[in-house]
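Visitor: Only the shape, not the letters, is given here:
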């Protein structure tokens, strides 16, 4: 069990924004990859990292959409990456390695959210697990040479408070015996944290530190499609008229606030010398093993021992290698 899972503490709060976290941080000359770095939290992370001087590569399976979303942000480029396709993932890593660029931070941000129906990738893996975990696992391990070259790299994987409740369904990872959207999402988010624990254990002595970040439940301004609006209502993020109901103290955040913990993990010097931990509200999260019920007003999202279990982390690493062989 990691001994670093406790607040540092930092000067930031639940209401701090990504710009607050990177205020005064100089990332000039650093190379960063952000998967899904063109939408919502990913775009805000991309924007603030670039504003701090980083050269940011947005990796997306829809390059036209991504390019339109980040147009006008200096220091940002877009490259193709489909995390559910091993060939696409390998090709991205090969291009990066061939370029000779070190990789100072890899932000594993792309994810598949709740899907009402069971969806599989071409190899038969459940899509949320395939994209959020297996794709990032393959990408990260393929980019290890570039991460080593940076001599002090970070791998930040965006997870969720659902990792606290999610279970790894070891005997049925693809939910062939019965699909539940919440269970599939929770499994993918638990996998993100376990991956972080084992990645840091394996590579910290090679200068690569790993973090998992819970951004909170974030909502941005502007129109939303009917499905997303319904989801926001269920989570208490909007009222019946669609007006936002932000309260960062209970994890209901703006996009700018939600991206704060992502860029904190990717680039804040306050985390130097630390790794293998779960972040929340721009700090290392509290470790809380009390049973906390979910309510309409609050979804518990602190760390617990189960989501950081080193034996589960090693087991998941082995299973992931087997699924990707």
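Guide: Looks like it arrived, so ask away. The model shown is predicted, which means the values in this text are computed figures rather than measured ones.

Visitor: could you show me where the helices are in this structure, in order?
Guide: 18-22, 40-51, 63-70, 86-99, 127-128, 136-142, 144-150, 181-203, 226-234, 255-267, 310-324 (DSSP state H).

Visitor: Identify the residues contacting the fifth one?
Guide: This points to helix 127-128. Contacts to helix 127-128, defined as C-beta atoms under 8 Å, 6 or more residues apart in numbering, come from residues 84, 111, 112, 113, 115, 119, 120, 121, 184, 185, 187, 188. Every residue, glycine included, has its C-beta placed from N, CA and C.

Visitor: change it to 6 Å
Guide: Contacts with helix 127-128, where a contact means C-beta atoms under 6 Å, 6 or more residues apart in numbering, come from 112, 119, 121, 184, 185, 188.

Visitor: For residue 275, find the nearest of the helices of the chain.
Guide: helix 181-203 (4.1 Å; C-beta to C-beta).

Visitor: What residues of the closest one count as buried?
Guide: 183-203 (16 or more other C-beta atoms under 10 Å).

Visitor: Can you name every helix or strand that it contacts?
Guide: Under the contact criterion of 3 or more C-beta pairs under 6 Å, 6 or more residues apart in numbering; DSSP states H and E, helix 181-203 touches helix 127-128, strand 208-214, helix 310-324.

Visitor: Need the winner for burial among the ones you listed.
Guide: strand 208-214 (a mean of 28; mean count of other C-beta atoms under 10 Å).

Visitor: Show me what that strand is packed against.
Guide: Right, strand 208-214 is packed against strand 153-158, helix 181-203, helix 255-267, strand 277-280 by 3+ C-beta pairs under 6 Å, 6+ apart.

Visitor: What pairs with that strand, parallel or antiparallel?
Guide: strand 153-158 (parallel), strand 277-280 (parallel) (DSSP bridges).

Visitor: Residues contacting the last one, please?
Guide: Identification of contacts with strand 277-280 by C-beta under 6 Å, 6+ apart yields 4, 5, 193, 211, 212, 213, 214, 261, 265, 284, 285, 303.

Visitor: tally of neighbours for the nearest residue to residue 305 once chain neighbours are set aside?
Guide: Nearest residue to residue 305 in three dimensions, chain neighbours excluded: residue 289, at 5.4 Å (C-beta to C-beta, 6 or more residues apart in numbering). Counted with other C-beta atoms under 10 Å, residues neighbouring residue 289 total 10.

Visitor: Extract the residue ranges of this structure that are flagged as low pLDDT.
Guide: Applying pLDDT under 70 to the chain flags residues 1-2, 219-245, 296-297.

Visitor: Tell me who's in contact with the residue nearest the centre of it.
Guide: In the chain, the residue lying closest to the centroid (C-alpha atoms, centre = their mean) is residue 158, at 1.2 Å. Listed by C-beta under 6 Å, 6+ apart, the contact set of residue 158 reads 109, 213, 262.

Visitor: Look at the residue lying closest to it once chain neighbours are set aside and say how many residues are nearby.
Guide: Distances taken as C-beta to C-beta, 6+ apart place residue 109 nearest to residue 158, at 4.7 Å, with adjacent residues excluded. Residue 109 is flanked by 30 other residues according to other C-beta under 10 Å.

Visitor: pretty sure residue 109 contacts residue 35?
Guide: Yes - using C-beta atoms under 6 Å, residue 109 is in contact with residue 35, at 5.2 Å.

Visitor: which of the residues in stretch 40-56 are buried?
Guide: For stretch 40-56, by 16+ other C-beta under 10 Å, it's 40-52, 54-56.

Visitor: swap in stretch 257-272?
Guide: 257-268, 270-271.

Visitor: Tell me how far that stretch lies from the chain's centre.
Guide: 12 Å (C-alpha atoms, centre = their mean, to the nearest Å).

Visitor: nearest residue to residue 248 other than its sequence neighbours?
Guide: Distances taken as C-beta to C-beta, 6+ apart place residue 14 nearest to residue 248, at 4.0 Å, with adjacent residues excluded.

Visitor: That neighbour contacts residue 246, doesn't it?
Guide: No - here residue 14 lies out of contact with residue 246, judged by C-beta under 6 Å, at a distance of 10.7 Å.

Visitor: Which of these two has more residues huddled nearby?
Guide: Per other C-beta under 10 Å, whichever of residue 14 and residue 246 has more neighbours is residue 14, with 19 against 16.

Visitor: now that one: how far from residue 107?
Guide: Going from residue 14 to residue 107 by C-beta to C-beta, to the nearest Å gives 21 Å.

Visitor: Residue 275 touches residue 204, doesn't it?
Guide: Yes - assessed by C-beta under 6 Å, residue 275 is found in contact with residue 204 at 5.3 Å.

Visitor: Of these two, give the one with the bigger neighbour count.
Guide: The neighbour comparison of residue 275 against residue 204 (other C-beta under 10 Å) goes to residue 275, with 22 against 15.

Visitor: Contacts only, for the more buried one.
Guide: Residue 275 neighbours (C-beta under 6 Å, 6+ apart): 200, 204, 209, 210.

Visitor: If anything else comes up later, I'll come back, but that's it for now.
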